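Chemist: predicted structure and sequence below. I'll ask about it afterward.
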Amino acid sequence: MEVLSPQGWAPAIGYANGIAVAPGRIVFIAGQVGWDAQQKFHSSEIAPQFDQALQNVLAVLAEAGGRPEHICRITAFCCDKPGYLAARPQLGAIWKRLMGKHYPCMSMIFVSDLLDSPGKIELEATAVVPAS
């Protein structure tokens, strides 16, 4: 996986502007919210929901033989911008615990609501698991 950073651009902080990957198995992961395997929310707060949603993304990826470093792209949908901004230190700690120092291409989109209530954040991802 090669992180793409155009010459002269300021470095991206907490994400990559682009990633190029070698051939492998492409894995598309549907939007995951902060509920457990039985589709139960245990918190209405963003940080615990983000933690669970990211764990859910990684669980689906593991089913394809992938690991966190195989994620090329994550899109996050959040319906609480002030709450998200306030939780950023917690979200960073969760990210480091689950993803380490791997920062794929990311987009954050603020929306009015999510389908699954009381969901506050939803994550979808694309990964490339290297060919063996």
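Modeler: Structure received.

Chemist: paired strands for the strand or helix carrying A30, with orientation please.
Modeler: According to DSSP states H and E, A30 maps onto strand 24-33. Neighbouring strands of strand 24-33 in its sheet, by DSSP bridges, are strand 121-130 (antiparallel).

Chemist: pick out the residue nearest the middle of this protein.
Modeler: What sits nearest the mean C-alpha location of the chain, by Cα atoms, centre = their mean, is I74, with 4.5 Å.

Chemist: run me through the strand neighbours of the helix or strand that contains that residue, direction for each.
Modeler: Element membership of I74 [criterion: DSSP H and E] is strand 71-78. Paired neighbours of strand 71-78 in the sheet (DSSP bridges): strand 105-110 (parallel), strand 121-130 (antiparallel).

Chemist: and the angle for the very next helix or strand once past it with strand 71-78?
Modeler: Using DSSP H and E, the helix or strand that directly follows strand 71-78 along the chain is helix 81-99. Angle, helix 81-99 to strand 71-78, by axes from the mean of the first three to the mean of the last three Cα atoms, to 10 degrees: 150 degrees.

Chemist: just the mean pLDDT for helix 81-99, thanks.
Modeler: Averaging pLDDT along helix 81-99 yields 97.

Chemist: which of the residues in that helix are buried?
Modeler: Within helix 81-99, the residues that count as buried by 16 or more other Cβ atoms under 10 Å are Y84, A87, L91, I94, W95, M99. C-beta here means a position set from N, CA and C on the backbone, and glycine is covered the same way.
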